[in-house]
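In: This is the structure alone, sequence omitted:
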């Protein structure tokens, strides 16, 4: 019985988190008339699939979602592959070069990217990467990398150096110690970084807008914005239906890898 | 591990994907069709369908000039174009609105169409519409940098039941209300928690500046090539009258003040207020969202010393760097012929610039207020602010907050005039250097 308030609080929190999604679902099933009521309804009076048929009929949402998925998966994997060794060396080796590198990573975070979008565009054009998905992946990786590096660096620091030393006392080489001792302990950090990179790429709009021009390569955020007009006027029904579909892949991705998000792996690893 | 392997495989497949070439504008090889990219900003369902249908029709009839329809969005089109112009990959045919053309024209990114316009297209569109797309180009010469095809005017959308109950004279395009009559009508329709009118003023500047022309208010004056802000009696008239409806007559719903264009509709359908001054395109949302038993009418905007309103146009332009400007012009001539302009105007619920299209039965029917909307086109003159270098910054940094404060009754009209002029001139000065 003592747990009842706890569960009540937990339930309230879940409802709070799920509210936008449920409201999206409710809106996606409403008629335009029902959306214009002064007292909004939770459950649509006359649920209609029209918004879904409109959204899918007018725009290549499935194709755009697949392209977004490919770009997000490739960007997040590449981000982790590149940032993991870098984060390890940043956390473990203290040298002047390292300190400069860390400072540079920080500076890059405060630089407004809109200032470099035109020069970046020119470089990408010369590399013939404009209008291609690999080009977009390269840009997403570039801009996700600094923060991913910071995230992972924190996780590496949290792994006690003594564990590696213990492994080497037992005869393990540094690589072996990293692979067998550090890597498993870093799994939650890698998953969190992967998720961060995936969501950043999945939602990214501005670079995609500028770099992708061919209708055949457009990603999901570019397709969703087509349901909006000038001065903030939007076709709410189809937009809600399309947005709902856009949230599903990231939910599935999260559901698949969230099991790896565990803490406490290192509890009691080092005495004192 | 299996998941990881699958993800890694997906990444490799992606990176191995073909690196396709750039967009349009590439020279066609002999025997190959010319390829044009057409960036369209249509977003309403009917309008997108009309655009796609016309492009398909063109592509079928012209196997040697193939057009790719690329859909953009109003919110970000100028960011997109700035980068693409700088990078040399802009689409060949570009849909935009006339205020955006001035900057692109003076930067030399748009082609001067004056020598390329076919006579029929030129004569079908009135000079007042051509004025909205005539700017100084990159080399200081006057040029025509787009073909205007859709225009927006202000009308009043009214609840028919409340209008009839009030017993006021119903205005017609031939005999619109004067602002005095409009204010009287709003007062008569105000009773028991119901207001006569609602002004959605989240973005107050374009709306008030366009209506200010009713009394000859231009807000800008140019002497010796130097443009400054002016707020005299003519400019104050419409501002004062809207303010009076809010705070003196109390016939305007204060709840709508902070709302965007379409936001007051739910309260309108509920009968919380009787009239909504707005752009003609909002009729589409009214048709789509109104309850089945809701009756509404479109009334012409009130007139002051004249019925003039400032106009901006939606336009089609050709990128300066397009490899195929002649073919792009051929496509525009087809796309914007009278019959097609009528289709596009109907799809977007706006007014066609073509005079022949305006005579199309679809544009003059009484249904959904098309007759009143189309008749209002004759009052459109080029908005004076359209050619003011620095207007966008003046609007967002100075005029929007000042007018919002005024309509919220936080500052007086004298303060409005002082700030619009003093702070405004500081902004404009930078653009003169």
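Out: Noted; the coordinates are in hand. Bear in mind that the values here come from a model prediction, so they are computed numbers and not experimental data.

In: Need the nearest residue in space to the residue nearest the centre of chain A, chain neighbours excluded.
Out: Residue closest to the average C-alpha location in chain A (CA atoms, centre = their mean): residue A:199, at 1.5 Å. Excluding its sequence neighbours, the residue lying closest to residue A:199 (CB to CB, 6 or more residues apart in numbering or on different chains) is residue A:250, at 6.2 Å. Where you see a C-beta, it was placed from the backbone N, CA and C, and this is true even at glycine.

In: and the residue of the stretch 251-400 of chain B nearest chain A?
Out: With CB to the nearest CB as the measure, residue B:289 is the residue of the stretch 251-400 of chain B nearest to chain A, at 3.8 Å.

In: so what's that residue closest to, chain neighbours aside?
Out: In space, and not counting its chain neighbours, residue B:289 is closest to residue A:36: 3.8 Å by CB to CB, 6+ apart.

In: go on, residue A:191?
Out: Here the nearest residue to residue A:191 in space, its sequence neighbours aside, is residue A:260; by CB to CB, 6+ apart that works out to 4.2 Å.

In: picking up where we left off before, which other residues reach the helix or strand hosting the residue nearest to residue A:199?
Out: Counting by DSSP states H and E, the secondary-structure element that holds residue A:250 is helix A:236-257. The list of residues contacting helix A:236-257 from outside it, by CB atoms under 8 Å, 6 or more residues apart in numbering or on different chains, reads A:21, A:24-25, A:27-28, A:30-32, A:35, A:50-52, A:54-56, A:58-59, A:61, A:65, A:68-69, A:191, A:194-195, A:198-199, A:202, A:220, A:223-224, A:227-228, B:3.

In: Just the buried ones among the residues you listed, please.
Out: By the neighbour-count criterion of 16 or more other CB atoms under 10 Å in any protein chain shown, the contacts of helix A:236-257 include these buried positions: A:24, A:27-28, A:30-32, A:35, A:50-52, A:54-56, A:58-59, A:61, A:65, A:68-69, A:191, A:194-195, A:198-199, A:202, A:220, A:223-224, A:227-228.

In: Can you flag which of these belong to strands?
Out: Secondary structure defined by DSSP state E assigns none of these to strands.

In: In helices only, show me the residues you listed.
Out: By the criterion of DSSP state H, membership of the buried ones among the contacts of helix A:236-257 in helices covers A:24, A:27-28, A:32, A:35, A:50-52, A:54-56, A:58, A:61, A:65, A:68-69, A:191, A:194-195, A:198-199, A:202, A:220, A:223-224.

In: Could I get the contacting residues of residue B:162?
Out: Residues touching residue B:162, when contacts are defined by CB under 8 Å, 6+ apart, comprise B:189, B:194, B:271, B:274.

In: Tell me the spacing between it and residue B:185.
Out: As defined by CB to CB, to the nearest Å, residue B:162 lies at a distance of 10 Å from residue B:185.

In: got it, and residue B:282?
Out: Here residue B:282 is placed at a distance of 20 Å from residue B:185 (CB to CB).

In: With neighbour numbers in mind, choose between those two.
Out: residue B:185 (27 against 22; other CB atoms under 10 Å in any protein chain shown).

In: Which helix or which strand is home to the more buried one?
Out: Counting by DSSP H and E, residue B:185 is found in helix B:179-188.

In: Following element in sequence after that helix, please.
Out: Toward the C-terminus, helix B:179-188 is succeeded by strand B:195-197 as the next helix or strand (DSSP H and E).

In: Can you give me the buried ones in that following strand?
Out: Within strand B:195-197, the residues that qualify as buried are B:195, B:196, B:197, counting by 16+ other CB under 10 Å.

In: Can you name the two of the contacts of residue B:162 that sit furthest apart?
Out: Spanning the widest gap among the contacts of residue B:162 are B:189 and B:271, at 10.3 Å by CB to CB.

In: Start from the N-terminal end of the stretch 201-350 of chain B and give the helices.
Out: Using DSSP state H, counting those that start in this stretch, the helices of the stretch 201-350 of chain B run over B:204-212, B:233-247, B:265-269, B:282-289, B:325-335, B:338-348.

In: Mean confidence (pLDDT) on the first one, please.
Out: Put plainly, it is helix B:204-212. pLDDT averaged over helix B:204-212 equals 91, rounded to a whole number.

In: Which strands or helices does it pack on?
Out: Using 3 or more CB pairs under 8 Å, 6 or more residues apart in numbering or on different chains; DSSP states H and E as the contact definition, the elements that helix B:204-212 packs against are strand B:154-159, helix B:233-247, strand B:309-311, helix B:400-407.

In: what do you get for the fourth one?
Out: With contacts defined as 3+ CB pairs under 8 Å, 6+ apart, the secondary structure elements packing on helix B:282-289 are helix A:32-35, strand B:154-159, helix B:265-269.

In: does any part of the last one sit near chain A?
Out: Yes: part of helix B:265-269 sits near chain A under the criterion CB under 8 Å from any CB of the partner chain, namely B:265, B:266, B:267, B:269.

In: as a whole number, average confidence for that helix?
Out: 94.

In: Let me know how buried residue A:4 is, in neighbour terms.
Out: Taking other CB under 10 Å as the definition, residue A:4 ends up with a neighbour count of 8.

In: Give me the distance between it and residue B:47.
Out: On the measure of CB to CB, residue A:4 and residue B:47 end up 55 Å apart.

In: Same question for residue B:337.
Out: Look at residue B:337 and residue B:47: by CB to CB, they are 17 Å apart.

In: who's more crowded, those two?
Out: In terms of neighbours (other CB under 10 Å), residue B:47 is the more surrounded of residue B:337 and residue B:47; the figures are 24 against 18.

In: who touches the closest residue to the more buried one other than its chain neighbours in this structure?
Out: Residue nearest to residue B:47 in three dimensions, not counting chain neighbours: residue B:347, with 3.4 Å by CB to CB, 6+ apart. By CB under 8 Å, 6+ apart, the contact set of residue B:347 is B:42, B:44, B:46, B:47, B:48, B:49, B:50, B:51.

In: mind running it again at 10 Å?
Out: Applying CB atoms under 10 Å, 6 or more residues apart in numbering or on different chains, one finds that residue B:347 lies in contact with B:42, B:44, B:45, B:46, B:47, B:48, B:49, B:50, B:51, B:53, B:150, B:284.

In: May I see the buried residues of the host helix or strand of the fourth one?
Out: Secondary structure assigned from DSSP H and E places residue B:46 in helix B:45-61. The neighbour-count criterion (16+ other CB under 10 Å) identifies B:45, B:47, B:48, B:50, B:51, B:54, B:55, B:58, B:59 as the buried residues of helix B:45-61.

In: Then stretch A:61-74?
Out: For stretch A:61-74, burial by neighbour count (16+ other CB under 10 Å) applies to A:61, A:63, A:64, A:65, A:67, A:68, A:69, A:70, A:71, A:72, A:73, A:74.

In: Could you do stretch A:196-215 as well?
Out: By neighbour count with 16+ other CB under 10 Å, stretch A:196-215 contains the buried residues A:196-202, A:204, A:207-215.

In: what do you get for stretch B:199-213?
Out: Along stretch B:199-213, these residues count as buried under the neighbour rule (16+ other CB under 10 Å): B:199-201, B:203-213.

In: Okay then, goodbye and thanks.
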